[in-house]
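Student: predicted coordinates and the sequence they were generated for:
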Amino acid sequence: GEDVEQSLFLSVREGDSSVINCTYTDSSSTYLYWYKQEPGAGLQLLTYIFSNMDMKQDQRLTVLLNKKDKHLSLRIADTQTGDSAIYFCAEGGGSYIPTFGRGTSLIVHP
Amino acid sequence: NAGVTQTPKFQVLKTGQSMTLQCAQDMNHNSMYWYRQDPGMGLRLIYYSASEGTTDKGEVPNGYNVSRLNKREFSLRLESAAPSQTSVYFCASSEGLRYGYTFGSGTRLTVV
């Protein structure tokens, strides 16, 4: 079946850029998503990219998609302590139900 | 605020007890979902309802039942709780892949 892989942890210094990577296997994916989960809360949709796009930018967030390699990344510029959270990659399109990765815990330290 | 509302937020059950987790959305979404989240396991789909009147099994349906009461409400029932069902349960709704999911804030369930 479809699979979405992410590294489990990322630690960065405040003010640096963070890059969270994700790989997926479903070649028929139409949409790829990034969700953010803060402690004790549900997941919140951060951004998404359509499969015919290479890049999408939204303020401090940049999403890059390499469809040939089935690789998705989320770059957060000028990372702040408030960005500390778990970030989930998800893909949807091949089936009706999106597939989620296991999440990357981003730790931002001063 | 518009969104997905889950009740209760916290619950402790004894093994063998039953309970129903409630979920309601006010965004007129057709599709609703129940997930469980366990450390290191990410999100696993329990059941979903693509539209009012339909429900389907997800990845981990054993030990659970669901009811799509109307377009707004989608409940999850544990008939005989087991310690393995200790988890955080999330309800979500969607109007289509283009829009992603809207999640509730979760129910933290402990079965002792």
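Tutor: Nice, I can see it.
Student: going by C-alpha atoms from here, please, whenever you check contacts or count neighbours.
Tutor: Will do.
Student: and residue B:31, how many residues sit next to it?
Tutor: For residue B:31, the number of neighbouring residues by other C-alpha atoms under 10 Å in any protein chain shown comes to 21.
Student: near chain B, which residues of chain A show up?
Tutor: With C-alpha under 8 Å from any C-alpha of the partner chain as the criterion, chain A meets chain B at residues A:31, A:33, A:40-45, A:48, A:92-93, A:96, A:98, A:100-103.
Student: pretty sure residue B:109 contacts residue B:11?
Tutor: Yes. With contact defined as C-alpha atoms under 8 Å, residue B:109 reaches residue B:11; the gap is 4.9 Å.
Student: more neighbours, these two?
Tutor: Remark: of residue B:109 and residue B:11, residue B:109 carries more neighbours, 19 against 14, as counted by other C-alpha under 10 Å.
Student: quick check: beta-bridge partners of the more buried one?
Tutor: For residue B:109, the beta-bridge assignment (DSSP bridges) gives partners residue B:11, residue B:87.
Student: ok, now residue B:76?
Tutor: What pairs with residue B:76, by the bridge criterion (DSSP bridges), is residue B:21, residue B:66.
Student: quick check: the closest residue to chain B within chain A vs residue B:97, distance?
Tutor: For chain A, the residue closest to chain B is residue A:102, as judged by C-alpha to the nearest C-alpha, at 3.9 Å. Per C-alpha to C-alpha, to the nearest Å, residue A:102 is found 20 Å from residue B:97.
Student: compare the two and say which one has the larger neighbour count.
Tutor: residue A:102 (24 against 17).
Student: excluding chain neighbours, give the residue nearest to that one in space.
Tutor: residue B:42 (3.9 Å; C-alpha to C-alpha, 6 or more residues apart in numbering or on different chains).
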